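Chemist: Sharing a model prediction with you, sequence too.
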Amino acid sequence: MAETIKDLFEVFPRPGRLDWIGIRPVRREAVDVVSEAILSETEGIQGDHYSGRSGNRHVTLIQAEHLPAIASFVGREQLDPALLRRNLVISGLNLLALKDKQIQVGEVVLQITGQCHPCSRMEETLGPGGYNAVRSHGGMTARVVQGGRIQVGDTVHVKQSSAPLPG
């Protein structure tokens, strides 16, 4: 039975895992690393400085597998995810393949809305070339479709045939 490319867009080899959670309570200040967080459809991540802002960027996600690549580009052995200022580190799933899809993390359902491009702050944080080191590795943005609690270690499931929701 022949599968079309469209069919293949729905096939993922395995679920992912939530490896890390970071909350940025104040712009340009240190990221708080936490083991669990509460997310809502109107506020995003409780306690994050983006809380209550654009619904398309309630949450930022980065792929765990990209951290060693970024570290290598800037000449480091490893990279603390807090330096990249994303909210969630997810392993085991190709996040770019999830654009316009929904994922479930713990009780929460997220709609992946787009790429999360690096900002100029990466030059300050990672040194010269930091911006370019993160390009194409910056992760994704999402909005909260169904709120609830998430915690490190939660399984991340791709919800099949999830069409983008209006908004």
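Modeler: Arrived safely.

Chemist: Would you mind identifying the next helix or strand past the worst-scoring helix or strand of the chain on mean pLDDT?
Modeler: Across the helices and strands of the chain, mean confidence by mean pLDDT, DSSP states H and E is lowest for helix 5-8: a mean of 86. Elements were assigned by DSSP states H and E; along the chain past helix 5-8, the next helix or strand is strand 16-23.

Chemist: Give me the sheet partners of that next one and which way each runs.
Modeler: Counting by DSSP bridges, the strands paired with strand 16-23 are strand 32-34 (antiparallel), strand 88-91 (antiparallel), strand 155-159 (antiparallel).

Chemist: Looking at these, which one is packed in the most?
Modeler: Mean neighbours per residue, mean count of other CB atoms under 10 Å, is largest over the strands paired with strand 16-23 for strand 88-91, with a mean of 23. Glycine gets a C-beta too; all of them are placed from N, C-alpha and C.

Chemist: centre of the chain versus it, how much separation?
Modeler: 6 Å (CA atoms, centre = their mean, to the nearest Å).

Chemist: And stretch 134-153, by the same measure?
Modeler: Per CA atoms, centre = their mean, the centroid offset for stretch 134-153 relative to its chain is 3 Å.

Chemist: Show me what the closest residue to residue 157 other than its chain neighbours is bridged to.
Modeler: Nearest non-adjacent residue to residue 157, counting by CB to CB, 6 or more residues apart in numbering: residue 104, 4.7 Å away. In this entry, residue 104 is beta-bridged to residue 109, residue 157, by DSSP bridges.

Chemist: My read is that residue 104 contacts residue 160, right?
Modeler: No: the criterion here is CB atoms under 8 Å, and residue 104 misses it with residue 160 at 11.0 Å.

Chemist: and those two? which has more neighbours close in?
Modeler: Higher neighbour count among residue 104 and residue 160: residue 104, with 20 against 10, using other CB atoms under 10 Å.

Chemist: what about residue 125, which SS state?
Modeler: Put simply, residue 125 is helix when judged by DSSP: H, G, I helix; E, B strand; the rest coil.
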